[in-house]
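**Q** model this:
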Amino acid sequence: GKEASLLWKIGLGASAGALAQVIAMPTDVVKVRMQADGRLVALGQLSKPRYSSLSQALAVIVKEEGGRGLFKGMTPAVQRAALVNLGELATYDQAKHTLLHSGMSEGVLTQTSAAVISGFVATCLSTPADVVKTRMMNQSTTSPLYNSSLDCIRKTFKVEGLTGMYKGFFPTWGRLGPWQLIFWLSYEKLRYLGGLDGF
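**A** I've put the predicted structure just below:
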């Protein structure tokens, strides 16, 4: 059939990521807070972690903040997920087709190259949104530092410059890069074993 346009691929990738993040929001909020608690305990800002389990964390957040607390930071989280998926899905497909049209043949080298490009683009697109998401989810509920995602971006950029928006870039790429490589090579192999053409 006819190859989908890049714009269509971008839309589908972003939509898939956004929808998945909305569904996963409560567990993402708990994960981010539990991770932050370890740092706060180590710094002496908390005597012990606030949460002991997923179910206890969910109950405490709902009791103290209402159901909205489970969706704190949703806008930047959804933006981040949309950008990661856009970077992963649309970029892999577009990079692979571009490589194939440039003379490379279907196979592990083309798939590896497209996966590396995909991981890099996903990291470039998602790191600023990840910084905003993490800061919004971790801020105090009684005296929040940021009023919105845009306020967080503005304040971060003013104090830390562009590099502040890319804090954690290399660890993120170190996680996304290998994940992309393993995922796409496995996916392509399973398609091949199932008698389907490459992605």
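
**Q** where does this protein dip in pLDDT?
**A** 1, 198-199 (pLDDT under 70).

**Q** so in it, which helix runs the longest?
**A** helix 6-42 (DSSP state H).

**Q** show me what that helix is packed against.
**A** Contacts defined by 3 or more C-beta pairs under 8 Å, 6 or more residues apart in numbering; DSSP states H and E place helix 6-42 against helix 54-65, helix 74-85, helix 91-101, helix 108-138. To be clear about C-beta, it is placed using only N, CA and C from the backbone, and glycine gets the same treatment.

**Q** next, the angle from it to helix 54-65.
**A** Here helix 6-42 runs at an angle of 90 degrees relative to helix 54-65 (axes from the mean of the first three to the mean of the last three C-alpha atoms, to 10 degrees).

**Q** helix 74-85 and helix 6-42, what's the angle between them?
**A** Using the same axes, to 10 degrees: helix 6-42 against helix 74-85 is 120 degrees.

**Q** ok now helix 6-42, how far from the chain's centre?
**A** Chain-centre distance of helix 6-42: 6 Å, with C-alpha atoms, centre = their mean, to the nearest Å.

**Q** report the buried residues of it.
**A** 9-10, 12-14, 16-18, 21, 25-26, 28-30, 32-34, 36-37, 40 (16 or more other C-beta atoms under 10 Å).

**Q** go on, stretch 190-199?
**A** Within stretch 190-199, no residue qualifies as buried by neighbour count (16+ other C-beta under 10 Å).

**Q** so what touches it?
**A** 92-93, 96, 106, 111, 184, 187-188 (C-beta atoms under 8 Å, 6 or more residues apart in numbering).

**Q** how about the residue of the chain positioned farthest from its centre, phi and psi?
**A** The centre of the chain is farthest from one residue, Gly103, which by C-alpha atoms, centre = their mean lies 32.3 Å away. The phi/psi pair for Gly103 (degrees, to the nearest 10) reads phi 120, psi -10.

**Q** try Ser148
**A** phi -160, psi 170.

**Q** contacts only, for the nearest residue to Asp37 once chain neighbours are set aside.
**A** Counting by C-beta to C-beta, 6 or more residues apart in numbering, the nearest residue to Asp37 once its immediate chain neighbours are dropped is Pro49, at 4.0 Å. Counting by C-beta under 8 Å, 6+ apart, Pro49 touches 34, 37-38, 41.
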